[in-house]
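>>> When you get a sec, could you give me coordinates for this:
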Amino acid sequence: MKLNIRGKIILISVAILFLGIGANALINGIAFTREYTRALQSETVAIGQSLKSQLDRLLGLGIPIQDLVGFEEQCRELLIRHKGISYAMILDLDGKILFHNDPSRHDQIVSDRAMLKGIRSEKSIVQVYPSGGERFYDVIIPVSDRNNRHVAAVRIGFPEKLVSSKTGQMVAYSLVVALVFLGLATLLLLVSLNVWVTKPLSRLIAVIHDIREKGTESAQLIEIDSRDEIGQLGSAFNQMVFEIKESHQKIKHHSNQLEQKIQERTAELKSINKHLELELAERKRIEEALRESEKKYRTILEEMEEGYYEVDLAGSVTFFNEAVRRIFGFSADEFMGMGYAEYTSLETAKSIYKTFNKACGTGKPVEISDYEIIKKDNSKATLELYASLMKNKREEPVGFRGIVRDITPRKKIEEEIKSHREHLTLINQILRHDLTNDLVVIQSAINLYNKSPEDEFLKEIFSRTEKSLELIGRMRELESFISRHAELQICEIRDAIDEIVKSYPFIDFKVKGSAQVMADNTLVSVIDNITRNAVIHGRADRIEVTIGRRKDMCEIRIADNGSGIPDEIKEKIFEEGFMYGDTGHTGLGLHIVKKAMEKYGGYVYAEDNKPRGASFVLMFKAI
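Numbers count the residues shown, from 1 in each chain. Model prediction:
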């Protein structure tokens with residue numbers, strides 16, 4: 001169906017008016033429904049409050065609510081005075097109907113859970129309640145006795161269809177009035193369009209047809225008296241016709257000039273084209289050299305051991321070589337674009353950002369010696385990083401580039417050397433202290449023996465000499481332990497225990513179970529230190545070793561029948577240099593056990609053995 005402009009304007013206008021009428025009816029209907037519902041609810045609450053007030057006066061006299069009479073009549077009168085209300089009743093907290101506008105409902109029990117919850121509520125509530133295929137707005141008002149105890153509830157309801165009925169009437173009246181005004185508006189629109197739009201446009205179309213048939217040379221100007229958009233369109237059309245006539249004359253003149261310039265330009269372009277061909281050949285040669293240079297540069301980057309990287313000013317990775325990818329453990333796609341906070345701790349990321357910001361301000365290269373990262377497998381590594389500022393052609397900072405090295409093995413060796421030196425210093429201190437004390441005692445005993453040759457002095461000399469030799473032997477054992485750097489390997493626990501049993505033939509050993517653990521060749525020394533502690537300090541003559549499993553750990557329990565360990569020193573016996581009693585020597589035996597277990601990835605603790613003695617528990621990672 002084809003429509004002229006008048007038909008389209010009328011159709012659009014009528015459609016807009018219909019949409020406006022529909023939207024108005026919808027909004028009015030929603031607003032009326034909401035406000036009318038609120039009004040009915042407020043009226044119902046007020047009615048319920050009046051009924052509650054009558055109950056409050058009677059309950060205030062101390063009359064139990066079950067003894068009240070005559071309220072059925074009150075409920076019926078409410079329905080007569082207020083036509084919209086469907087029911088009125090008074091219920092106790094168990095849902096029993098005490099009074100109802102319908103006497104046949106007396107003493108019935110309400111069993112609906114939602115309704116019982118509302119009846120027992122101590123606040124007035126309004127809820128929608130379905131009953132008999134209909135929905136009702138239910139108003140429930142709590143009733144209290146003179147002791148302010150909640151004893152009953154007033155329940156009044158009106159049907160939801162009452163609201164929808166009133167809303168339908170209101171919408172119908174609105175639509176009738178709107179349609180009447182729609183007809184009047186359409187008639188007025190038809191008359192206005194005919195006068196101000198249709199007739200002027202018809203004259204304009206007639207002139208356009210004339211121009212198309214006869215050309216602009218014989219075209220007549222259009223006359224439109226109005227000053228609105230139609231009038232402006234007519235004026236613009238007349239101006240366009242005038243300008244077209246002038247343009248035809250200018251086009252003829254310029255066509256001749258253009259032909260001459262085209263010939264001149266063609267000759268010039270041939271010369272330029274030849275020059276461009278020479279330039280393109282030179283550019284291809286330069287590009288080939290650049291590709292070779294870039295290939296060489298990339299080969300150097302990929303084969304170098306150190307990591308090369310580039311980041312933007314925000315710290316996001318923009319370029320890196322294969323060595324960087326290996327150091328961090330991420331794939332190339334994962335690592336590209338990552339920021340500091342994604343592979344370092346928050347504090348380290350802040351420190352790096354501060355250092356790079358300083359380099360951005362000064363323009364000088366920076367170095368970060370101990371740069372800890374978190375690799376993809378959550379293991380940690382320590383890096384050494386060098387960075388320098390990158391700038392664009394306008395000398396503006398755009399990021400940083402630099403070299404990164406993994407110094408984790410070097411840091412580990414440095415820590416081991418430091419620990420080794422500390423232990424050697426401790427050994428030296430113990431030797432100087434204990435040997436000096438023993439030599440002083442020996443010297444005194446020799447002086448006394450020279451004055452009075454008695455066997456007791458010789459025994460003291462021999463005892464102190466043996467103690468000093470034992471100390472030197474234990475220090476040699478400790479030095480041997482801390483000097484080893486053997487990797488952990490699978491060890492059979494039973495083999496280590498059997499070797500210890502051979503060294504103590506006078507001790508009654510009982511061994512149960514077997515297992516394999518990750519340890520090194522100091523495992524025998526660990527078990528020997530615990531056994532020696534039980535024999536020398538605890539004076540035990542029986543040791544029971546039990547090997548078992550606790551979840552993902554291997555448990556080795558070494559229990560003796562010695563004197564045990566006092567509770568006050570159980571937490572201290574593994575400390576470096578701790579000694580207790582007359583049999584204490586260097587305080588290093590159990591400290592060696594603790595350090596070895598930590599190296600194995602486990603731990604050790606002591607507890608009482610029943611009925612007497614001590615138990616040392618070694619916990620290894622199970623395999």
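>>> where does the stretch 1-150 of the chain have low pLDDT?
1-6 (pLDDT under 70).
>>> All the helices of it, residue numbers only.
With helices called from DSSP state H, counting those that start in this stretch, the stretch 1-150 of the chain shows them at 5-59, 71-81, 113-119.
>>> and the last one, what does it pack onto?
Applying 3 or more CB pairs under 8 Å, 6 or more residues apart in numbering; DSSP states H and E, one finds that helix 113-119 contacts strand 125-131, strand 134-144, strand 150-159. Where C-beta positions appear, they are placed from N, C-alpha and C, glycine not excepted.
>>> and with 6 Å instead?
With contacts defined as 3 or more CB pairs under 6 Å, 6 or more residues apart in numbering; DSSP states H and E, helix 113-119 has no helix or strand neighbours.
>>> Which residues does that helix contact?
With CB atoms under 6 Å, 6 or more residues apart in numbering as the test, helix 113-119 has contacts from 91, 95, 125, 127, 140, 153.
>>> Can you add distance to Leu182 and give those back as TSV?
Shown next, in TSV, are the contacts of helix 113-119 (distance: CB to CB, whole Å):
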residue	distance to Leu182
Leu91	53
Gly95	55
Ile125	45
Gln127	42
Ile140	46
Ala153	51
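>>> neighbour-wise, which of the residues you listed leads?
Ala153 (26 neighbours; other CB atoms under 10 Å).
>>> how many other residues sit next to Ser463?
Neighbours around Ser463, by other CB under 10 Å: 14.
>>> So it versus Arg532, what's the distance?
18 Å (CB to CB, to the nearest Å).
>>> go on, Leu385?
Here Leu385 is placed at a distance of 49 Å from Arg532 (CB to CB).
>>> Compare the two and say which one has the larger neighbour count.
Leu385 (21 against 15).
>>> Just the element for the nearest residue to that one once chain neighbours are set aside, please.
Among residues not flanking Leu385 along the chain, Ile368 sits closest, at 4.4 Å (CB to CB, 6 or more residues apart in numbering). Taking DSSP states H and E as the criterion, Ile368 maps to strand 366-374.
>>> do the same with Leu175
Judged by DSSP H and E, Leu175 forms part of helix 160-193.
>>> Buried ones in that helix, by neighbour count?
The neighbour-count check on helix 160-193 (16 or more other CB atoms under 10 Å) flags 160, 162-163, 166-167, 170-171, 174, 178, 182, 189, 193 as buried.
>>> repeat for stretch 140-151
140-145, 151.
>>> hmm, which two among the residues you listed are most spread apart?
Ile140 and Asp145 (17.6 Å; CB to CB).
>>> What lies in contact with whichever strand or helix holds Val545?
Counting by DSSP H and E, the element that carries Val545 is strand 542-550. By CB under 6 Å, 6+ apart, the surrounding residues in contact with strand 542-550 are 493, 497, 507-515, 555-561.
>>> so how far is the first residue of stretch 57-74 from its last?
15 Å (CA to CA, to the nearest Å).
>>> Report the distance from the host helix or strand of His275 to the chain centre.
Assigned by DSSP H and E, His275 belongs to helix 229-303. Relative to its parent chain, helix 229-303 has a centroid offset of 55 Å by CA atoms, centre = their mean, to the nearest Å.
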